[in-house]
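Chemist: I'll drop the sequence and a predicted model, then ask my questions.
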Amino acid sequence: QMARNFKAKATAEQKRVHRLLNKSIMEAAEVSTLGKLIVEQHHEFNIVNAFTAYRQLLRRGGAAVGSRAYTLVEGRVVLSPRDTEHINFEATLALAEQGVMKHVEAAGARECSNVMHAISTSRCNPREDILRALEEQMLLVSQTFNPQDIANTLWAYATMGRQPSELMLAGLLARTQDIADEFQAQNLANTLWSVA
């Protein structure tokens, strides 16, 4: 009983920490503030924090967070503690991308479609491995897509000038047929525009 109570308290505390992290991510007014938060806290991120940080960084993208270079060691970004004051956008983006890749297998339809939408509206070229990982995960969760998820995903592909795989497109169109009566006019318009 005591162990269960301890675990429940620890889980509640973790949820509180992750909610506060997400609030800080969403409220970061400057790219530099967001970049510093990502560098200092990325090891604490859960899936929601990682995907939110990535989307927010893409939305604000392009502006330099500093001029200091970073190094990649075995595909991972390495920064020393003194470098946190001198982060550049690419280094911060690389950390956010690591977070997405770390958590992508736990992503649901909403997380995947929101990240695809953020990628498509950013000025950053998406990494191919992230797009492949997102598509693989979307295939696994395609039966949970709602009309907004479908519209966002297909719109993202069209906006990026990319074709989803035949399997992905077939899965999304089948899901569209299954939930056709749930589509609002905007979802329908975006979906039709995307596949035209």
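Modeler: Okay, I see it.

Chemist: any idea which residue is closest to the centre of this protein?
Modeler: What sits nearest the mean C-alpha location of the chain, by Cα atoms, centre = their mean, is Phe51, with 3.2 Å.

Chemist: distance of that residue from Phe145?
Modeler: For Phe51, the distance to Phe145 equals 16 Å [Cβ to Cβ, to the nearest Å]. Glycine gets a C-beta too; all of them are placed from N, C-alpha and C.

Chemist: now Glu105
Modeler: In this view, Glu105 and Phe145 are 17 Å apart by Cβ to Cβ.

Chemist: between those two, which one's more packed in?
Modeler: Remark: of Glu105 and Phe145, Phe145 carries more neighbours, 24 against 11, as counted by other Cβ atoms under 10 Å.

Chemist: show me the contacts for the closest residue to the more buried one other than its chain neighbours.
Modeler: Nearest non-adjacent residue to Phe145, counting by Cβ to Cβ, 6 or more residues apart in numbering: Ala109, 4.5 Å away. Counting by Cβ atoms under 8 Å, 6 or more residues apart in numbering, Ala109 touches 138, 141-142, 144-146, 149.

Chemist: just the buried residues out of these, in PyMOL syntax.
Modeler: To isolate the buried subset of the contacts of Ala109 in PyMOL, counting by 16 or more other Cβ atoms under 10 Å, use the following:
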select buried, resi 138+141+142+145+146+149
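
Chemist: need the contacts of Ala109 in CSV with distance to Ile130, can you?
Modeler: Compiled in CSV, those are given as follows (distance: Cβ to Cβ, whole Å):
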residue, distance to Ile130
Met138, 12
Val141, 16
Ser142, 18
Thr144, 20
Phe145, 19
Asn146, 23
Asp149, 18
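
Chemist: mind listing the strands for this protein?
Modeler: 71-73, 76-78 (DSSP state E).
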